[in-house]
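Visitor: Got a predicted structure here, sequence first:
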Amino acid sequence: MDYFWPILVSIILVLIIWGIIASKVRERRMKRAREAMLPALKQHFEAGQRYHVFLSHGQRFDRVRFLGISSAFERQTASLPFPLCQWIVLEKEDGKHLYVKPESIRYYEDV
């Protein structure tokens, strides 16, 4: 009876470690199977290229150019009620800039 609790705790630890390892192996196997069926592409939008950008609420920007992402707001105590940082900056054909939140972009397509 003296060895009951150490043996029980050891069994529980071994089962937890075994579960973690089995999960990692299963995840790796699923990733390989997914990549065999549909290969992953390392293709994203490129700065300077023109795209049609579709937003979540249905608005569409035609032939805009991705310029980049605005830098983070640096002041700790912002006087504005919401942070104006991390906007995607787009440029229209007439040279005007659009500032769009990244999470509002539904998808984009090549022109």
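Guide: Received the coordinates, thanks.
Visitor: For the rest of this, base every contact and every neighbour count on C-alpha atoms.
Guide: Fine.
Visitor: can I assume L90 sits in a helix?
Guide: No - using DSSP: H, G, I helix; E, B strand; the rest coil, the secondary structure at L90 is strand, not a helix.
Visitor: residues contacting it?
Guide: Counting by C-alpha atoms under 8 Å, 6 or more residues apart in numbering, L90 touches 64-68, 97-100.
Visitor: rerun at 10 Å
Guide: L90 makes contacts with 47-48, 50-51, 53, 61, 63-69, 96-100, as judged by C-alpha atoms under 10 Å, 6 or more residues apart in numbering.
Visitor: now it, which residues is it bridged with?
Guide: With DSSP bridges as the criterion, L90 is bridged to F66, L98.
Visitor: Just give me the neighbour total for R50.
Guide: By other C-alpha atoms under 10 Å, the residues close to R50 number 22.
Visitor: Quick check: mean pLDDT of the helix or strand hosting V9?
Guide: If you go by DSSP states H and E, V9 is part of helix 4-37. For helix 4-37, the mean pLDDT works out to 94.
Visitor: other SSEs contacting it?
Guide: Helix 4-37 is packed against no helix or strand, with contacts defined by 3 or more C-alpha pairs under 10 Å, 6 or more residues apart in numbering; DSSP states H and E.
Visitor: next SSE after it?
Guide: strand 50-55.
Visitor: what's the domain layout of this protein?
Guide: For the chain, the structural domains run 1-40, 50-110, going by automatic domain parsing.
Visitor: Next, count neighbours for Y51.
Guide: Residues within reach of Y51, counting by other C-alpha under 10 Å, total 19.
Visitor: circling back to that earlier point, could you say which of the domains of the chain is packed most deeply?
Guide: Comparing the domains of the chain by mean neighbour count (mean count of other C-alpha atoms under 10 Å), domain 50-110 comes out on top with a mean of 14.
Visitor: F61 bridge partners, please.
Guide: Listed beta-bridge partners, F61: V53 (assigned using DSSP bridges).
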